[in-house]
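Asker: Sequence and predicted structure below; questions after.
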Amino acid sequence: MIRDKLGPLMASVIENEQFTGLILLSGVDRPGITEALFNTLAPFSITILDIEQVIISDRLILTVLIALNPAHEKALEDDLLECAVGLDVDIATLFSKTNKSSIANKEGLLHVVILSSKLIPQAVAAVAGAIAASGANIERVSRTASTPVIAIEFVVSGVSQQILSSALAPIATAQAVDIAVQPGGHMRFAKKLVQLDVDSTLITQEVIELLAAKAGVGEEVRSITESAMRGEIDFEQSLRARVHLLKGVPESVIAEVQAEIVLTPGARTLIKTLQRLGHTVSVVSGGFIQVIAPLIAELGITHFRANTLGINNGVLTGEVEGPVIDRAAKAIALCEFAELESISMAQTVAIGDGANDLDMIAAAGLGIAFNAKPVVKAAADSSVSAPYLDSVLYLLGIPRDAIEED
């Protein structure tokens with residue numbers, strides 16, 4: 001009776017066990033090595049379970065996990081040794097009886113991306129240590145980019161996103177690296193809405209400061225701007241105070257300011273790549289639509305919101321017309337644009353640098369602080385400290401070879 005009940009269980013255990021071989025080939029890369037290795041394996045009754053190949057400098061590292069008949073172990077080792085001699089490479093093997101446990105059939109995988117302009121061993125050790133301390137296991141490590149920053153991706157199993165994110169947050173600060181933790185699976189590559197702040201994010205300047213310089217009130221406006229971005233005063237109040245200082249400025253200065261706008265390095269690459277891959281890019285700004293409209297059109301962005309300067313008889317009135325685009329309005333725009341594109345909020349990304357971006361960063365599935373104030377870094381899911389906006393692509397799992405250059 002007990003044996004009858006245990007029978008299916010034992011059969012399941014046996015079915016999930018198999019004899020596996022791990023093959024590790026390393027040597028100087030040249031054409032034909034991969035073909036020769038698999039031609040050596042071809043005569044045997046073998047199933048390929050996993051493969052990974054990487055080339056670092058001119059060195060090839062190729063690993064293959066196979067399932068095989070244990071009776072073939074000795075013959076396979078002999079043939080692989082002969083193959084290694086013929087190719088002038090090193091081949092190591094490890095055969096064992098094990099459970100079927102390939103990364104391909106594991107669920108709940110997380111992707112941990114580290115960004116750094118200069119990655120040092122201590123940072124990698126700290127990240128690996130935090131992963132281990134959280135009870136997780138590193139399944140795979142790969143480099144997804146080497147320029148303009150280096151991006152290293154860990155695929156991790158056995159831990160929740162919340163626990164791992166909490167464990168890695170202090171590591172990012174202590175080691176001066178940027179770290180993002182995202183769930184794996186097909187949803188990682190689903191269509192996204194990526195929303196960008198404009199001032200000091202999409203562009204390198206603050207539009208109102210450019211206007212203020214033309215009006216000769218640059219210092220006064222800059223002081224109010226910095227206080228607002230630190231969250232010390234209400235944004236709408238600060239905006240109206242700054243715009244009031246522009247009263248009487250000729251409308252012609254808008255064209256002059258447009259000519260001075262500088263895109264953040266990598267901004268065009270970020271937008272072109274996202275659009276080519278089928279994602280949607282939106283823009284929200286506490287600045288002014290009259291100034292940024294030509295840039296938005298040039299970048300092919302159809303979803304946008306910004307403030308409107310009052311203009312009468314060819315001069316600025318010193319007033320803001322219509323609703324002010326403050327932090328709450330930016331979050332509302334994110335939700336409305338996502339609904340228009342039939343994109344879930346989990347698949348939205350918000351990128352900004354100041355306190356005015358906090359609500360949309362909180363509302364987004366992934367909030368990214370870009371060269372941001374401390375209060376924004378503390379609130380965001382991840383941050384980018386390098387001055388290259390296209391670095392965001394690596395946090396989204398987009399490798400360098402898929403990126404559209406300027």
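Answerer: The structure has been received and is ready for your questions. Numbers count the residues shown, from 1 in each chain.

Asker: Hmm, Ala241 and Gly318 touching each other?
Answerer: No: if you go by Cβ atoms under 8 Å, Gly318 and Ala241 don't touch, sitting 10.1 Å apart. All C-beta spots, glycine's among them, are computed from the backbone N, C-alpha and C.

Asker: how about Ala267, what does it touch?
Answerer: Contacts here follow Cβ atoms under 8 Å, 6 or more residues apart in numbering; on that basis Ala267 touches 202-203, 389-390.

Asker: so of these, which ones are in strands?
Answerer: Among those, no member falls in strands (DSSP state E).

Asker: Adding distance to Ile48 and neighbour count as columns, could you present those residues in JSON lines?
Answerer: Shown next, in JSON lines, are the contacts of Ala267 (distance: Cβ to Cβ, whole Å; neighbours: other Cβ atoms under 10 Å):
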{"residue": "Leu202", "distance to Ile48": "46", "neighbour count": "29"}
{"residue": "Ile203", "distance to Ile48": "49", "neighbour count": "24"}
{"residue": "Leu389", "distance to Ile48": "40", "neighbour count": "25"}
{"residue": "Asp390", "distance to Ile48": "35", "neighbour count": "28"}
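
Asker: how about those, which pair is most distant?
Answerer: Ile203 and Asp390 (14.6 Å; Cβ to Cβ).

Asker: ok, so of the contacts of Ala267, who is nearest Leu25?
Answerer: Using Cβ to Cβ, Asp390 comes nearest to Leu25 of the contacts of Ala267, at 34.3 Å.

Asker: what ranges of this structure fall below the confidence cut-off?
Answerer: 1-17, 98-105, 229, 404-406 (pLDDT under 70).

Asker: at 50 instead, please
Answerer: Where the chain drops to pLDDT under 50, the residues are 1-16.

Asker: Pop the domain breakdown of it in here.
Answerer: 2-103, 107-187, 193-402 (automatic domain parsing).

Asker: Please report how far Leu202 lies from Glu256.
Answerer: 20 Å (Cβ to Cβ, to the nearest Å).

Asker: ah, wrong one, I meant Gln175
Answerer: Distance from Gln175 to Glu256, by Cβ to Cβ: 44 Å.

Asker: which of the two has more neighbours?
Answerer: In this view Gln175 and Glu256 are compared by other Cβ atoms under 10 Å, and Gln175 has more residues nearby, 20 against 13.

Asker: Leaving out chain neighbours, which residue sits closest to the more buried one?
Answerer: Distances taken as Cβ to Cβ, 6 or more residues apart in numbering place Ala123 nearest to Gln175, at 4.0 Å, with adjacent residues excluded.

Asker: Next: Leu245.
Answerer: Once flanking residues are discounted, Leu245 sits nearest to Val217: 4.5 Å by Cβ to Cβ, 6+ apart.

Asker: now swap in Leu395 and tell me
Answerer: Setting aside the residues directly before and after it, Leu395 is nearest to Ala180 in space (Cβ to Cβ, 6+ apart), at 4.3 Å.

Asker: Burial check on the one you found, number of neighbours?
Answerer: Burial of Ala180 is recorded as 26 neighbouring residues (other Cβ under 10 Å).

Asker: now the helices: where do they sit in the stretch 301-406 of the chain?
Answerer: Along the stretch 301-406 of the chain, counting by DSSP state H, counting those that start in this stretch, helices occupy 327-340, 358-363, 374-379, 392-395.

Asker: Buried residues in the first one, which are they?
Answerer: In other words, helix 327-340. Buried positions in helix 327-340, judged by neighbour count with 16 or more other Cβ atoms under 10 Å: 327-334, 337-338.

Asker: what's the offset of that helix from the middle of its chain?
Answerer: Helix 327-340 sits 21 Å away from the centroid of its parent chain (Cα atoms, centre = their mean, to the nearest Å).

Asker: what does stretch 286-302 rub up against?
Answerer: 197-199, 203, 206-208, 210-211, 235, 239, 254, 257-258, 261, 263, 268, 271, 275, 281-283, 285, 304, 306-309, 311, 325-326, 330, 356.

Asker: Could you list which of those belong to strands?
Answerer: Those of those lying in strands (DSSP E): 197, 281-283, 285, 304, 306-309, 311.

Asker: how long is stretch 241-249 end to end?
Answerer: One end of stretch 241-249 to the other measures 15 Å (Cα to Cα, to the nearest Å).

Asker: From Leu340, how far out is Leu76?
Answerer: 58 Å.

Asker: and if you look at Arg305?
Answerer: 12 Å.

Asker: swap in Lys97?
Answerer: According to Cβ to Cβ, Lys97 stands 55 Å off from Leu340.

Asker: quick one: contacts for the residue nearest to Leu395?
Answerer: Contacts of Ala180 (Cβ under 8 Å, 6+ apart): 112-113, 115, 366, 368, 381-382, 395.

Asker: In JSON lines: the residues you listed, plus distance to Cys83 and neighbour count.
Answerer: What follows is the contacts of Ala180, written out as JSON lines (distance: Cβ to Cβ, whole Å; neighbours: other Cβ under 10 Å):
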{"residue": "Val112", "distance to Cys83": "35", "neighbour count": "24"}
{"residue": "Val113", "distance to Cys83": "36", "neighbour count": "21"}
{"residue": "Leu115", "distance to Cys83": "39", "neighbour count": "26"}
{"residue": "Leu366", "distance to Cys83": "45", "neighbour count": "22"}
{"residue": "Ile368", "distance to Cys83": "47", "neighbour count": "29"}
{"residue": "Asp381", "distance to Cys83": "47", "neighbour count": "22"}
{"residue": "Ser382", "distance to Cys83": "44", "neighbour count": "24"}
{"residue": "Leu395", "distance to Cys83": "40", "neighbour count": "25"}
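
Asker: which of the residues you listed sit farthest apart?
Answerer: Among the contacts of Ala180, Val112 and Ile368 lie farthest apart (Cβ to Cβ), at 15.2 Å.

Asker: so where does Ala75 fall, helix or strand?
Answerer: helix 73-87 (DSSP states H and E).

Asker: returning to that earlier point: what's the neighbour count on the residue nearest to Leu245?
Answerer: For Val217, the neighbour count with other Cβ under 10 Å is 18.

Asker: And for Asp359?
Answerer: 21.

Asker: Pro387 now?
Answerer: Count around Pro387 with other Cβ under 10 Å applied: 15.

Asker: That one reaches Pro265, doesn't it?
Answerer: Yes: here Pro387 reaches Pro265: they are 5.9 Å apart, a contact under Cβ under 8 Å.
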